[in-house]
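Novice: got a sequence here, can you model it:
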Amino acid sequence: MCKPKRNNNYKFSLKLNKKLIYRHFETCSQLSEYVHSFWMHANPSEESETFTFAPDGFFKIIIVFQNNKIIRYFRTGILTQPEKIQLPPNIIAVGCRFKILAPEYIFRKSLADLKNKEEELNIDFLNAKHFDVRNLALLKEQWEKELLKIMPNKKPHNNKLRLSRLLYDGTKSLAVKQVSEQIFWEQRQINRYLMKYLGISLKTYMNIQRAYNAYFDIKQGKLTPTQDAFYDQSHFIKEIKKHTGTSPKKVFQNQDEIFKQIRNITKK
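Specialist: Predicted coordinates:
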């Protein structure tokens, strides 16, 4: 049984706040090799909200509901470019971020064709039709319970497990060749694996992760690269602009109004 890391009884009441609401929740330890976190966006206003979502290296399953009823249920692939999101009035969206091992070991299928795309899911998938959408803590617990049912009994192959852990270790900045050397897996085989299940190469994935890790510095107002992930300031600006659509300075200045995801992400 998944034990929650915190007791959060946040209830979905659109009348409590007239501004866009964002919440971020870590998953339980049993699912941590496959799931990064859960999140919620709520727009309790009478007007649509528009913001930018930057690539973060995860694919997602998202539930959208209104008046405590699910009105949309879909899965997204890996994003390689910034995406403009419009959240309609009086809408709540709850999502789960999945890591690179999830396609093979949780869903047993490739998601390569979903790169920068999305697909509708049947409401029976993961028993979503029975989720309690009135309370995020309970919904998260139900979601985790369903994922635990389909989680493999054996841990992933050591090469794949080492690859996943290394890619999500934000403390290290490595070249593609160094990744291969550190996990004792040929670069050609890594690329084949990632292309099969995610539709992108190791280099592309690492560029996404490099920019994503830099957001933690940017949101603190550090607008120059403080790690060896970028060659120089010009390279830093170029990569951030590629993945957000704007400069590091504008990301920092607009994180509350436009980049809700960047403002609220937490480092694991």
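Novice: which residues in the stretch 101-250 of the chain form strands?
Specialist: Using DSSP state E, counting those that start in this stretch, the strands of the stretch 101-250 of the chain run over residues 118-120.
Novice: top helix in this protein by residue count?
Specialist: Secondary structure of the chain per DSSP state H: the longest helix is helix 202-218.
Novice: what helices or strands is that one leaning on?
Specialist: For helix 202-218, the packing partners by 3 or more Cβ pairs under 8 Å, 6 or more residues apart in numbering; DSSP states H and E come out as helix 158-167, helix 176-183, helix 187-197, helix 233-244, helix 248-253. Every residue, glycine included, has its C-beta placed from N, CA and C.
Novice: if we go to 7 Å?
Specialist: Using 3 or more Cβ pairs under 7 Å, 6 or more residues apart in numbering; DSSP states H and E, the elements in contact with helix 202-218 are helix 176-183, helix 187-197, helix 233-244, helix 248-253.
Novice: quick one: low-confidence ranges for the stretch 51-200 of the chain?
Specialist: For the stretch 51-200 of the chain, the stretches flagged by pLDDT under 70 are 171-172.
Novice: try 50 this time
Specialist: Within the stretch 51-200 of the chain, no stretch falls below the threshold (pLDDT under 50).
Novice: take the helices and strands packed on helix 202-218 and write them to a markdown table, including distance to I63.
Specialist: Shown next, in a markdown table, are the helices and strands packed on helix 202-218 (distance: least, Cβ to Cβ, whole Å):
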| stretch | distance to I63 |
| --- | --- |
| helix 176-183 | 34 |
| helix 187-197 | 23 |
| helix 233-244 | 26 |
| helix 248-253 | 28 |
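Novice: which one of the ones you listed lies closest to K219?
Specialist: helix 248-253 (6.6 Å; Cβ to Cβ).
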